[in-house]
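1. 3D, please:
(one chain, ligands or ions: 2)
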Amino acid sequence: MFKLAKFLKPYWWQIIILLAAIALQTWYTLQLPAMMADIVNNGISKSDSSYIWQTGGKMLLYVIFIIIGAIISSFFSAKIGAGFSRDLRKEIFVKILTFSSSDLDKFSAASLITRTTNDINQVQQANILILSMMLRAPMMCIVAIIQAFNTAPKMTWIIALAVALIIFFAILILSALLPKFKIFQKLLDKITLLTRENLTGFRVIRAFNNEELEKKKFEEANTELTRTIISITKLIGLASPLITFIFNGVCLLSVWVGIHYLSTDMSYLGNMMAFMQYALQVAMSFFILTFLFLSIPRANVSAKRINEVLHNKSKIHWKNKTEGTPSRNLSVEFKNVSFSYGPSSEENVLENITFTAKKGETTAIIGPTGSGKSTILSLLMRFYDPTEGEVLVNNLNIKNYSKKDLMSKIGYIPQRGFLFSGTVESNINFGNHETDDKNTELAAKISQSKEFIDKLEDGYKSRIARNGDNVSGGQKQRLSIARAIAKQPEILAFDDSFSALDMKTDKKLRSELKQYAKDIVTIIVAQRINTIKDSENIIVLDQGRIVGQGNHHELLKKCKIYREIVKSQYSEKEYQKELKNAKA
Ligand code: ADP
Ligand code: MG
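-> Ligands and ions are numbered 1, 2, ... in the order given. Alright, predicted model coming up:
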């Protein structure tokens, strides 16, 4: 919580005004009971109407001050609170942008969303409460005790008794409540996760008729959350009857004790009434303090979760400036690379991967799903760092590059095409803002996007909906490819990016790409033999190991797994023909 206090710094002068307004408000509020006692003792009992009017007028003036103080303080507490959370949200957003994939794996998207919304809300509320109460409550308490002592010194033990009772109950309730808040926060994360899965995966859920299971999963989490909320509310609900009990007890005791003094001294009536009010103020301030203690640990849970994000030490440290000079001779090289996804999955997903992808050549990676193909490209993009070995781009370890330098070299097309809301043009030029129309159109042409863009009513200016929902899967892939080409990279890395294309488009795209990519490094991850069979170097991957490397013909001769893949995709006749060609 205190770590987040720095976000209040820009609002220091507003905080000062807020505190001043609160002090003013509290001070005048506490003057009123004494003045009332004055009216009773000196005005009413002596039938002095001019005194009553005079003091009454003064009281009215004080009330106006109090109202002004209240308006100013609520205005500024709202302003400070909203500004604080705006700054904090921005900071978190910017921080998340710097996250590597392993950081995202660590937090999960759902949890990051709760942290940026609900947790910030909690902290904001606590902040407003602290700002408006941390001065009010102690001031109210101290001044009221002094005033009570001044008006009826013999009765102050009543206040002591009330405070002792409040503290006792407060400790009881707080100790039961705090552990519940932690559980509440965890359950909320779970609900968010399930809701998210339900929304992003709704097609799968429908198609597999799994609504019942999803409903059950959600219901379980939801019931548990409800139960926690109910027990929290029950505990907090206890506070209200306790407050009533203590307040009424204070009044009753004051009158009971006061009556004894009244029988000897009638002028004690005003004092007794004033004392009662001060005693209530003191009790009230203790309740406020309890409430503060209640919301601070709760906000603290949230603050901790926010701080975890803000102070997350990324596993990947980028250099600010590239150290060393990359070779002019473009290449990608993996040297004895092993990799595991970390804590929860110890096993190596990649084992001793060594290969070189050269300029002007196409290096293809093929293998069954789960063999680690995408992981190889993730390592090249430095989404993760290898556990062992090194990855070199243009003969320089990628750890020596600045993020900007490395990313500007690689055009990466992820397995699942992703588009941003905007236009066709803004999507193609996403990685290259200083581009011209010629470059955009070239990228569209090579990626085979041109034919469908030309058919669109607004051409390059056509709207792309959120997630690219208004284009087909194949079109999405082609635009993703165009986006990578438009960046004019030195390395093109395709992660299964041809899977949604029909054979004809696939072929056309590759032949145009071949022309275009004469001077750059091309790496293609694919499942279809046809997509990669013309590649200069094919790497066959199985369970994270390279089991064969060479061109199509070489692999047919020497790699059993490669032959199996070819056999599974070709008819027997075609397969035999391929084998014969290979041997020839
Ligand atoms: P491919 O692209 O060949 O289908 P991947 O590289 O995606 O294979 O995955 C290789 C292995 O790594 C799989 O067993 C998969 O379960 C695991 N894996 C992939 N991504 C992650 C991740 N973020 N965290 C943990 N394990 C992962
Ligand atoms: Mg993959």
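2. C-alpha from now on. contacts and neighbour counts both.
-> Fine.
3. Can you check the pLDDT for residue 208?
-> pLDDT, residue 208: 82.
4. ok, now which ones touch it?
-> If a contact means C-alpha atoms under 8 Å, 6 or more residues apart in numbering, then residue 208 has no contacts.
5. Need phi/psi at it.
-> The phi/psi pair for residue 208 (degrees, to the nearest 10) reads phi -100, psi 10.
6. Roughly how far does it sit from ligand 1?
-> Between residue 208 and ligand 1 the computed distance is 22 Å (C-alpha to the nearest ligand atom, to the nearest Å).
7. ok, now residue 523?
-> Counting by C-alpha to the nearest ligand atom - residue 523 and ligand 1 are separated by 14 Å.
8. how about that residue, secondary structure?
-> Secondary structure, DSSP: H, G, I helix; E, B strand; the rest coil: residue 523 is strand.
9. One more: residue 363?
-> What three-state DSSP gives for residue 363 is strand.
10. pretty sure it contacts residue 524?
-> Yes - with contact defined as C-alpha atoms under 8 Å, residue 363 reaches residue 524; the gap is 6.2 Å.
11. I'd guessed residue 101 sits against residue 384; true?
-> Yes - with contact defined as C-alpha under 8 Å, residue 101 counts as touching residue 384 (6.5 Å).
12. what about the two, which has more around it?
-> residue 384 (21 against 15; other C-alpha atoms under 10 Å).
13. Just the element for that one, please.
-> Following DSSP states H and E, there is no helix or strand that holds residue 384.
14. And it, how far from residue 270?
-> According to C-alpha to C-alpha, to the nearest Å, residue 384 stands 76 Å off from residue 270.
15. And residue 64, by the same measure?
-> Distance from residue 64 to residue 270, by C-alpha to C-alpha: 23 Å.
16. what residues does the stretch 301-450 of the chain put near ligand 1?
-> The stretch 301-450 of the chain comes close to ligand 1 at residues 341, 349, 369, 370, 371, 372, 373, 374, 375, as judged by C-alpha under 6 Å from any ligand atom.
17. my guess is residue 368 contacts residue 526, does it?
-> No - judged on C-alpha under 8 Å, residue 368 makes no contact with residue 526 at a distance of 9.6 Å.
18. Looking at those two, which is more packed in?
-> More crowded of residue 368 and residue 526, by other C-alpha under 10 Å: residue 526, with 23 against 15.
19. so how far is residue 450 from that one?
-> Distance, residue 526 to residue 450, using C-alpha to C-alpha: 23 Å.
20. next one: residue 67
-> Counting by C-alpha to C-alpha, the gap from residue 67 to residue 450 is 68 Å.
21. which of the two has more neighbours?
-> residue 450 (20 against 12).
22. Name the residues that touch stretch 294-304?
-> Stretch 294-304 is contacted from outside by 1, 4, 115, 119-120, 122-123, 126, 174, 178, 181-182, 185, using C-alpha under 8 Å, 6+ apart.
23. run the last query once more with 6 Å
-> 1, 119, 122, 123 (C-alpha atoms under 6 Å, 6 or more residues apart in numbering).
24. show me the residues around the last one that make contact.
-> Residue 123 sits next to residue 299 when contact means C-alpha under 6 Å, 6+ apart.
25. So which of the residues of the stretch 301-450 of the chain next to ligand 1 wins on neighbours?
-> Ranked by neighbour count (other C-alpha under 10 Å), those have residue 373 at the top, with 26 neighbours.
26. tell me the pLDDT at that one?
-> Reading off the model, residue 373 has pLDDT 93.
27. Can you name the residues that contact it?
-> Contacts of residue 373 were listed using C-alpha under 6 Å, 6+ apart, and none were found.
28. For it, give its distance to residue 398.
-> 19 Å.
29. ok, now residue 336?
-> 15 Å.
30. ditto for residue 276
-> Distance of residue 276 to residue 398, given as C-alpha to C-alpha: 75 Å.
31. now swap in residue 372 and tell me
-> Residue 372 is 20 Å from residue 398, where distance means C-alpha to C-alpha.
32. Mind jotting down where the strands sit in this structure?
-> 331-339, 350-358, 362-366, 388-393, 396-397, 410-413, 422-423, 463-464, 491-495, 521-526, 537-542, 545-550 (DSSP state E).
33. sorry, back to before: can you tell me which of the contacts of stretch 294-304 has the most neighbours?
-> Each of the contacts of stretch 294-304 was scored for neighbours by other C-alpha under 10 Å, and residue 123 scores highest at 25 neighbours.
34. Check that one and give its pLDDT.
-> Per-residue confidence (pLDDT) for residue 123: 90.
35. could you list every residue that touches the closest residue to ligand 1 within the stretch 401-550 of the chain?
-> Residue nearest to ligand 1 within the stretch 401-550 of the chain: residue 544 (7.3 Å; C-alpha to the nearest ligand atom). Residue 544 makes contact with 349, 350, 351, 371, 372, according to C-alpha under 6 Å, 6+ apart.
36. Max pairwise distance over those: which two?
-> Using C-alpha to C-alpha, the two most remote members of those are 351 and 371, lying 10.6 Å apart.
37. Give me the more crowded residue out of residue 64 and residue 270.
-> Comparing residue 64 with residue 270 by other C-alpha under 10 Å, the one with more neighbours is residue 270, at 24 against 14.
38. Now the more buried one. Nearest residue, chain neighbours left out?
-> In space, and not counting its chain neighbours, residue 270 is closest to residue 37: 4.0 Å by C-alpha to C-alpha, 6 or more residues apart in numbering.
39. I'd like to know how far that neighbour sits from residue 269.
-> 8 Å.
40. Run through the helices of the stretch 101-250 of the chain in chain order.
-> 101-107, 109-114, 120-133, 136-151, 157-200, 202-207, 211-264 (DSSP state H, counting those that start in this stretch).
41. could those helices be laid out in TSV, adding distance to residue 562?
-> Formatted as TSV, those follow (distance: least, C-alpha to C-alpha, whole Å):
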stretch	distance to residue 562
helix 101-107	31
helix 109-114	38
helix 120-133	53
helix 136-151	77
helix 157-200	36
helix 202-207	32
helix 211-264	40
